[in-house]
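Novice: my questions are about this predicted structure, shown below with the sequence.
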2 protein chains.
Amino acid sequence: MTKRTTTTLDYALLGLLHQSPQSGYDLRKIFETMAMGSFSGSPGAIYPALGRLEREGLIKGEVDATTALRPKKVFRPTKAGRQTLTNWLLREIERDDVERRVDELLLRFAFHWVLDNKTATRRFLESFSSEVEGYLEALNRQQRQLPVETPLHARLALTAGIEQYRACARWARKALKEF
Amino acid sequence: MTKRTTTTLDYALLGLLHQSPQSGYDLRKIFETMAMGSFSGSPGAIYPALGRLEREGLIKGEVDATTALRPKKVFRPTKAGRQTLTNWLLREIERDDVERRVDELLLRFAFHWVLDNKTATRRFLESFSSEVEGYLEALNRQQRQLPVETPLHARLALTAGIEQYRACARWARKALKEF
DNA sequence: TCGCACATGTAACGTGTTACATGATTCA
DNA sequence: TGAATCATGTAACACGTTACATGTGCGA
């Protein structure tokens, strides 16, 4: 039996539960209210995810029958869960993360407070901005070498992507000053 | 039998095939080479997708045995396929698209040249920037109303998101001048 | 002869989506 | 009475991921 790969949703749940133990319903409302990347908070996503995490021993739920109309199941991360979270936070940033999972990287950054380690955060931001700038160079090259027949719309769409990454790079440099 | 929902990958394929008829292998290479959002171009994704589109009559493939080492199957969109594509391009932009599918919107824009209709493109960009700006207001409100105990990292992550959307808004205004 | 580029596909697997089910309590 | 909120869950379904299978021709 090979271990399943932990999804971004799993990490998001782990991070939120680290912040404060809460129920599936509470978590769903956070996803609905807050701008957390593109998580949906649909029951069909989060309850099964919580179930998996509990089966794997990364979180532990206990029923709180006191307050609620219907008994709540409040989850909190286990030691193993906290370890999994920090491993994720400290993971090396790959070019591929920057190319296709910027949202996940930003989520990772958001939970970096968990580490309470300025050095780690600085390293993260340095690595992030250097990867982003590397990718920006690739995008600029791509833009210059676009075939002549490339329609204007397609060119502009590429600049939109470039501008988004530039915004990320600027943000990272500014954020770095805070640590 | 309810009709399945056309995925973003389907539209991407439809758009690329509209640009020029080509094989699955050609398409895969485009996804690998070009920065097209987060498409992978893995065979397990694109061949089944082409199969579905062909079954639904949106594209039509014919085998070209002449040139290649191994016979190529070259696909081109049908009339219905072109119609599906334009319907997608002209679809009203919803707040939800902006919140969770900016990439798809940019892809849509990239294929707008298909319409060859400056008015439609202008409408798209106007609608896009107005939705983005509306969402930006919501994000700014969210930022102001962040609970006091919100960790710095989480605050900064939110500003990263805001900066990305700002970049989009700026881009849209600039792009608008081209049409 | 080894590996790479060309070229198309399938199988297992897990995840998210949508829609449904359930049921108590509060409020108009 | 009916609707909304709280609260948890399941079932069908389809998609993408990873890994595998297959086979030709070219260059080192």
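Specialist: Looks like it arrived, so ask away.

Novice: surely residue A:151 touches residue B:109?
Specialist: No - the pair residue A:151 and residue B:109 fails to qualify as a contact (C-beta atoms under 8 Å) at a distance of 10.8 Å. Where C-beta positions appear, they are placed from N, C-alpha and C, glycine not excepted.

Novice: who's more crowded, the two?
Specialist: residue B:109 (22 against 16; other C-beta atoms under 10 Å in any protein chain shown).

Novice: tell me which helix or strand that one sits in.
Specialist: helix B:102-110 (DSSP states H and E).

Novice: that helix and DNA strand C in contact?
Specialist: No - contact of helix B:102-110 with DNA strand C is not found when judged by C-beta under 7 Å from any atom of the strand; the minimum separation is 13.4 Å.

Novice: I'd like the mean pLDDT over the following helix or strand past that helix, please.
Specialist: Using DSSP H and E, the next helix or strand after helix B:102-110 towards the C-terminus is helix B:118-144. Helix B:118-144 shows a mean pLDDT of 97.

Novice: which strands and helices sit next to helix B:118-144?
Specialist: helix B:79-90, helix B:95-100, helix B:102-110, helix B:152-176 (3 or more C-beta pairs under 8 Å, 6 or more residues apart in numbering or on different chains; DSSP states H and E).

Novice: out of those, which gets the lowest mean score?
Specialist: helix B:95-100 (a mean of 94).

Novice: secondary structure class for residue A:39?
Specialist: Classification of residue A:39 by DSSP: H, G, I helix; E, B strand; the rest coil places it in coil.

Novice: phi, psi for it please.
Specialist: phi -90, psi 150 (degrees, to the nearest 10).

Novice: quick one, grab the pLDDT at it.
Specialist: For residue A:39, pLDDT reads 88.

Novice: any idea how far the closest residue to it other than its chain neighbours lies from chain B?
Specialist: Closest residue to residue A:39 apart from its sequence neighbours, by C-beta to C-beta, 6 or more residues apart in numbering or on different chains: residue A:31 at 4.6 Å. Note on residue A:31: its distance to chain B, by C-beta to the nearest C-beta, to the nearest Å, is 11 Å.

Novice: do I have it right that residue A:31 meets residue A:41?
Specialist: Yes - applying C-beta under 8 Å as the test, residue A:31 and residue A:41 come out as touching, 3.0 Å apart.

Novice: find the closest residue to DNA strand C in chain A.
Specialist: residue A:44 (2.0 Å; C-beta to the nearest atom of the strand).

Novice: neighbours around that residue, how many?
Specialist: The burial count for residue A:44: 8, using other C-beta under 10 Å.

Novice: so which strand or helix has it?
Specialist: Residue A:44 belongs to helix A:43-55, assigned by DSSP H and E.

Novice: show me what that helix is packed against.
Specialist: Using 3+ C-beta pairs under 8 Å, 6+ apart, helix A:43-55 sits against helix A:8-19, helix A:24-33, strand A:59-64, strand A:72-77.

Novice: what's the helix holding residue B:109 in contact with?
Specialist: A:153-154, A:156-158, A:160-161, B:8, B:11-12, B:15, B:36-38, B:88-89, B:91, B:93, B:97-98, B:121, B:124-125, B:128, B:168 (C-beta atoms under 8 Å, 6 or more residues apart in numbering or on different chains).

Novice: buried subset of these as a PyMOL selection?
Specialist: With 16 or more other C-beta atoms under 10 Å in any protein chain shown as the criterion, this PyMOL line picks the buried residues out of the contacts of helix B:102-110:
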select buried, (chain A and resi 153+154+156+157+158+160+161) or (chain B and resi 8+11+12+15+36+37+88+89+93+97+98+121+124+125+128+168)
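
Novice: so which of the contacts of helix B:102-110 are also by DNA strand D?
Specialist: Of those, the ones that also sit near DNA strand D (C-beta under 7 Å from any atom of the strand) are residue B:8.

Novice: appreciated, that's everything.
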